[in-house]
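> What follows is a protein structure lacking sequence information:
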């Protein structure tokens with residue numbers, strides 16, 4: 001379960017951003033998680049809930065996840081298609097000269113702070 005390690009990196013980055021911006025408490029963190037990123041959102045949330053309880057700046061902080069669909073582009077015919085359904089073979093021309101456009105993200109999108 002690599003999600004715990006990812007949570008530690010997220011917390012590190014969020015705390016750093018908060019300190020740089022003179023923020024005392026973070027209420028939510030919004031993540032973009034790609035459909036084929038190998039990160040399991042449910043595991044990430046479980047690890048998050050455990051870890052933020054140990055960080056005063058993040059106590060009660062919610063982790064919000066945007067799941068980014070995986071999309072592949074075919075270099076042969078120029079069309080885009082659903083990666084999970086079709087893999088590396090283009091469903092339109094049956095070519096294998098393809099590349100992943102999106103869906104592998106693991107990114108902090110937003111850090112939300114309470115209105116004071």
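Perfect, thanks for sending it. Everything quoted here is computed from the prediction, not taken from an experiment.
> Where do the helices of the protein begin and end?
3-20, 41-52, 83-86 (DSSP state H).
> where along this structure do the strands fall?
Using DSSP state E, the strands of the chain run over 28-34, 62-68, 71-74, 80-82, 98-102, 106-112.
> My read is that residue 3 contacts residue 47, right?
Yes - taking Cβ atoms under 8 Å as the definition, residue 3 is a contact partner of residue 47 at 4.9 Å. In this view, the C-beta of every residue, glycine as well, is placed from N, C-alpha and C.
> These two - which one has more neighbours?
residue 47 (21 against 18; other Cβ atoms under 10 Å).
> what about the residue in the chain sticking out farthest from the centre, distance to residue 77?
The centre of the chain is farthest from one residue, residue 93, which by Cα atoms, centre = their mean lies 31.1 Å away. Applying Cβ to Cβ, to the nearest Å, the value for residue 93 to residue 77 is 4 Å.
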